[in-house]
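Enquirer: Please work out how this folds:
(one chain, ligands or ions: 2)
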Amino acid sequence: MLTAAENDMLTKVGPGTPMGRVMREHWIPAFMSSELEGPDGSPLRIRLLGENLIAFRSTSGKIGLLANNCPHRGSSLYFGRNEEEGLRCVYHGWKFDVDGRCLDMPAEPPESDFKDKVRAVAYPTRERNGVVWAYMGPRTEPPPLPDLEPNMLDGETYIWTALRECNWLQALEGDIDHAHLAFMHLGSVTPEDVEPGSFDYFTVRDRQPRFRVIDTEAGTAYGAYRPVEDDQYYWRMAQFLFPCYTMIPTGLLGVQVLVQGWVPVDDEHTMFWHISKPVDRDTAERTGSTSLVGSNNILGSNNHPRFLPNTTDWLGRWRLADNFGNDYNVNREIQRNGSFTGIDGINLQDQAITESMGGIADRTKENLGTGDLMIARTRRRMLQACRDMMEGTPPPTVDKPELYRTRTGGVLLPRSVDWWEGTAHLREAFVEHPELAENSDALLFLRGTGFGPSRG
Ligand code: FES
Ligand SMILES: [Fe+2]
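Expert: Ligands and ions are numbered 1, 2, ... in the order given. Sure thing, here's the model as predicted:
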């Protein structure tokens, strides 16, 4: 349970708020490269951390991200003309380059130097492997981009985003809330339904896992463990990384390469990001890794959600077709006889339930149990980060991009092995583990039934 002031501190991200400052010290995923038209193409409305911004690609291909309101008299640059290395406001023709410099003020006399004194608010951007990153922080020289493996490896990347209509924190907390897996997602699955010895089998055989929770330099981590045969534990490990990332354990530790982001659009809307390296089907099947888009009749057919057509509205990107307005198309018949929720697909179940808590969940009325250890610890860690930020110190993740070089997943370990220290080599990013992908004996116990692309 939090005080109202603490809940505010954790959830509000507008300019000047403590959490808003923590976010702004970091690079933030703003939109997918594919969303923005080519050079001199149409601008794009992007709301990020509660700020309305206009993205455009200049003639030479650079990406500008300007405050929506023109610094002259505030008309929206969305209607601007994207031409010759700049976006020209159509009201009086002022023109701005990607850095916010005013290139032209055609209504002013030629001898005026007014244009050298006016700047549009412009945030630096970087484009890497399909993701456009924005830096909205105070430094003139931005910090390095985070070393997030799935956004750095060559080759095919699996990226998708979805708008969630609630505050970023409750959406993120759904990803580190391990206890709900065995209920909301797997509540009607019995051990007889799944392959003996698979990860799902251990999960539904024992719905009260024990937990270990630790602080890491990048954020927090948990291990949920269940006793299995041969003096082993089945461990599922997940992490929170500042400012808004999760790494969840849908696949095999050492093989799974995945990160999820919970990027605040504003205080009551969040852009969910999934970025992972697709595992080849063969390996995925043998390891129970779940980076493949797939269907699963136990978990629902809709693990990759259906989207409404995008609109140009501030909140018009990546809205789900199954949403609050149609009760997420809950099917009560299936709820009685099939799945725990009657809502189709893991992602949609998470979406429905986190949105159902309200725009900003009221954490002053909660009653946290032992299954909520990770959530409680992560909040404490975030509150401390907010307080440090108010003293001027951002989290270490800002200047240590290497802290993001990590992985998560599920693994069977002898009971004597320390879950965190003993798996350091498996958590290292940019390391291949052919022995895991090839040794089918080692994998005998590691097969899952497939969790869809994004959830655990
Ligand atoms: S309001 Fe943009 S040029 Fe006047
Ligand atoms: Fe979930």
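Enquirer: which stretches of the stretch 51-200 of the chain have low pLDDT?
Expert: Along the stretch 51-200 of the chain, no part satisfies pLDDT under 70.
Enquirer: List, one by one, the residues from it near ligand 1.
Expert: Within the stretch 51-200 of the chain, the positions near ligand 1 by Cβ under 6 Å from any ligand atom are Cys70, His72, Arg73, Ser75, Cys89, Tyr91, His92, Gly93, Trp94. Glycine gets a C-beta too; all of them are placed from N, C-alpha and C.
Enquirer: Is the third one in contact with Tyr91, as I believe?
Expert: Yes: the pair Arg73 and Tyr91 passes the contact test of Cβ atoms under 8 Å, sitting 6.7 Å apart.
Enquirer: rewinding a little: most neighbours, which of the residues of the stretch 51-200 of the chain next to ligand 1?
Expert: Each of these was scored by neighbours using other Cβ atoms under 10 Å; the highest score is Trp94's, at 28 neighbours.
Enquirer: what does the model give Leu443 for pLDDT?
Expert: Leu443 carries a pLDDT score of 44 in this model.
Enquirer: does the closest residue to Arg336 other than its chain neighbours sit in a helix, a strand or a coil?
Expert: In this structure, Arg336 finds its nearest non-sequential neighbour in Gly342, 7.8 Å apart by Cβ to Cβ, 6 or more residues apart in numbering. Under DSSP: H, G, I helix; E, B strand; the rest coil, the three-state class of Gly342 is coil.
Enquirer: Now do Arg387, the pLDDT please.
Expert: 98.
Enquirer: Look up which helix or strand it falls in, please.
Expert: Applying DSSP states H and E as the criterion places Arg387 in helix 373-390.
Enquirer: what residues are up against the closest residue to ligand 1 within the stretch 351-456 of the chain?
Expert: Ligand 1 sits closest to Gly359 of the stretch 351-456 of the chain, with a gap of 32.3 Å, by Cβ to the nearest ligand atom. Contacts of Gly359 were listed using Cβ atoms under 8 Å, 6 or more residues apart in numbering, and they are Glu165, Cys166, Asn167, Asp267, Glu268.
Enquirer: Quick one: name whatever helix or strand follows the helix holding Arg387.
Expert: strand 409-414.
Enquirer: Could you export that following strand as CSV, CA atoms only?
Expert: Provided in CSV are the C-alpha atoms of strand 409-414 (Å, rounded to 0.1, in the frame of the first residue of the first chain):
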residue,chain,number,x,y,z
GLY,A,409,13.9,-16.8,-18.9
GLY,A,410,13.0,-20.1,-17.2
VAL,A,411,15.4,-22.8,-16.2
LEU,A,412,15.7,-25.9,-14.1
LEU,A,413,18.5,-25.8,-11.5
PRO,A,414,19.8,-28.2,-8.9
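Enquirer: contacts for that strand?
Expert: For strand 409-414, the external contacting residues (Cβ under 8 Å, 6+ apart) are 199, 228, 231-237, 249-256, 288, 419, 422-423, 426, 445-446, 448.
Enquirer: contact partners of the helix holding Arg387?
Expert: Counting by Cβ under 8 Å, 6+ apart, residues outside helix 373-390 touching it are 2, 6, 9-10, 18-19, 21-22, 25, 173, 176-178, 211, 213, 215, 219-220, 222, 238, 240, 242, 363, 368, 394-395.
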